[in-house]
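Enquirer: fold the following, please.
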Amino acid sequence: MLRRIMNPIRVGIDALGLAFPRAYVALEDVARARGVPETKYTEGLGTVAMSVPEPDEDTVTLAVEAAADALERADVEPSEIGLCIVGTETAVDHSKPVASFLQGLLGLPSTCRIFEAKHACYGGTAGLMTALDWIASGRARGRKALVVCSDIARYGLNTPGEPTQGAGSVALVVSENPRVLSIDTATIGTSSQHVFDFWRPLESKDAFVDGHYSVTCYLEALRGAHAEHVRLGGRTPGDDLAATLYHVPYPKMAKKAHALVRELAGDGAPDQSFARLVAPSLVLPSRIGNIYTGSLYLALASLLACSERPIHGQDVTLFSYGSGCCAELFRGTITPGAQAAYSSLRARVDARRRLTVPEYEALFRARDEVRELDALPLGMIQDLRSVRLKGVQGGRRIYA
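Expert: Model prediction:
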C-alpha cells in the first residue's frame, strides 16, 4: 500500500490587533496616594502605569476595536472568518458570549462558529489552540479564524492587587502561511491541575488572589509544561532564540519565570540573558498593565514593536498560564516583515491621557453604577473610539 507523505501546513498568527483605554494612571502617583514607596510598584512589580477604562468601555468594546485592527492589518474581510473565539474572564453576561456581540458589530457571517472560552488568563490561548487545530484539520476550507483576548483586570481601590490592574484586548487572525508567527504545533507542552490560586465568585466584580501561592502554581506549571515540551521533541529555551515570552500579570513575574527556564537550561546567570531575550517584550505590559487573557500576546506585540535588533526568521518560545490552572509552552518562528508592521504600537501607548488619582478613583467607582441605565454619559475621550457601551436596558447591553 502506497502512502503519500505530505508536509504539514504552516499555521499560526497572520495578524495581531491591539486595543486599550485612552486613559492611564501612573503607579508613582498611586503609590504616593497610598503612602507607599514608588519602588514597591515600579521595581517590585516592574509596572509603571496601568490602563483605566471609562464606564462606556468594556470587554466587548475593547474586543471589537482589537478585532477590527487585526482584520485591517491582515487585509481580511469579515466574510472570510469561519471561527470566532473570545477568551475572557471578565465576560459581560453569564450566558450570551462576547463572541456573539462581535458577530453583530463586525458583521461576521452566519456560517461562522462563535463561542467564548473561559479559563482565567489561559482562555485566549485555549482559543488559539482550537483555531490552530481547526485550520490544520482542513475544516477551515480556506477560511481564517479570529481569536480575541479581552479583559478588564480589577481588584479594588487600596487593595494589595490594585497595582496589578489594567485593561486591554489583543486579537489574532489565525491562518495558514501566517505573516507574524508560524507555530510548531507538534511540541506544545501542556500542564494542568486543580488549584485555588485565583478566583472571582459569580456575585463579585472584583477578583481574589492568593498571591504567593499563585506564583508557586505559575512556576510549577511552567516546569511541567517545559518537561512535556521537551518530551515531545522540543528544545529547552536557550541562546538560539530571539526571545522567550511569558504570561505577564506583572513584569517581575516574567523575570522569575525566566530564571526558572534558564535554570532548566543549565544557565547559572539568567540576568545576563534577560535583557536580550525578555526585556523588549515587557515594555508595553509595564505601561498598560495586566490584561489577563491577552497578556502573553501583548508581550508578543511588545517584542515586535520594541526589539532593537532584527528577529525575523528566528524562533521564540511562548508560555501561557491561567490560574486554576492550565499552562502551555510552545515555540514559533517570527516571519519576515512582522517587526516593521507593528513598529508604531509604542506611539499609540504614548498618546494616552494621564489621569490624576482622584480621576482614576472616580472612573473606578463609576463602573459600579453601570446597571440599568438607558444612556451612559459619554466618556472623556471619544475621538478614536469605534464602538461604545451606550446603555443597559432590561439587562441587555446596547452598543453604538
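
Enquirer: mind listing the helices for the protein?
Expert: Counting by DSSP state H, the chain has helices at residues 27-34, 38-42, 59-74, 98-106, 123-136, 211-231, 251-264, 270-277, 285-288, 295-306, 338-341, 345-350, 357-367.

Enquirer: so what secondary structure elements neighbour the longest one?
Expert: Spelled out, that is helix 211-231. For helix 211-231, the elements it packs on are strand 181-192, helix 251-264, strand 315-322, strand 326-334, judged by 3 or more C-beta pairs under 8 Å, 6 or more residues apart in numbering; DSSP states H and E. Heads up, the C-betas are built off the backbone N, CA and C, glycines and all.

Enquirer: tell me which of the ones you listed is the most buried.
Expert: Burial of those is given as mean neighbour count (mean count of other C-beta atoms under 10 Å); strand 315-322 ranks first at a mean of 25.

Enquirer: and the angle for that strand with strand 181-192?
Expert: 40 degrees (axes from the mean of the first three to the mean of the last three C-alpha atoms, to 10 degrees).

Enquirer: parallel or antiparallel, which strands does strand 315-322 pair with?
Expert: Its sheet considered, strand 315-322 pairs with strand 243-246 (parallel), strand 326-334 (antiparallel) by DSSP bridges.

Enquirer: residues contacting the most centrally placed residue in the chain?
Expert: For the chain, G294 is the residue whose C-alpha lies nearest the centre (C-alpha atoms, centre = their mean; 0.8 Å). For G294, the residues meeting the contact criterion (C-beta atoms under 8 Å, 6 or more residues apart in numbering) are 124, 149-151, 168-170.

Enquirer: if we go to 6 Å?
Expert: 124, 149, 168-170 (C-beta atoms under 6 Å, 6 or more residues apart in numbering).

Enquirer: what about it, distance to Y246?
Expert: Per C-beta to C-beta, to the nearest Å, G294 is found 13 Å from Y246.

Enquirer: domain assignment for this protein?
Expert: 11-180+343-399, 182-336 (automatic domain parsing).

Enquirer: as CSV, the ones you listed with mean pLDDT would be great.
Expert: Below are these laid out as CSV (pLDDT from 0 to 100):
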stretch, mean pLDDT
domain 11-180+343-399, 94
domain 182-336, 96
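
Enquirer: list the buried residues in stretch 78-89.
Expert: 78, 80-89 (16 or more other C-beta atoms under 10 Å).

Enquirer: restricted to strands, list the residues you listed.
Expert: 81-87 (DSSP state E).

Enquirer: okay, now D133: neighbour count?
Expert: 12 (other C-beta atoms under 10 Å).

Enquirer: once you drop chain neighbours, what's closest to it?
Expert: Nearest non-adjacent residue to D133, counting by C-beta to C-beta, 6 or more residues apart in numbering: T185, 7.7 Å away.

Enquirer: among the helices of the chain, which is nearest F330?
Expert: Between F330 and the helices of the chain, the shortest gap by C-beta to C-beta is with helix 211-231, which sits at 7.2 Å.

Enquirer: next, the buried residues of that closest one.
Expert: Going by 16+ other C-beta under 10 Å, helix 211-231 has these buried residues: 214-215, 217-226, 228-229.

Enquirer: could you dump these to TSV with distance to H312?
Expert: Shown next, in TSV, are the buried residues of helix 211-231 (distance: C-beta to C-beta, whole Å):
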residue	distance to H312
S214	35
V215	34
C217	35
Y218	30
L219	31
E220	34
A221	30
L222	27
R223	31
G224	31
A225	26
H226	26
E228	29
H229	23
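
Enquirer: out of these, flag the one nearest to V349.
Expert: Y218 (25.6 Å).

Enquirer: what is the burial count for the residue nearest to K255 when sequence neighbours are not counted?
Expert: Distances taken as C-beta to C-beta, 6+ apart place F274 nearest to K255, at 6.4 Å, with adjacent residues excluded. Using other C-beta under 10 Å, the number of residues around F274 comes to 17.
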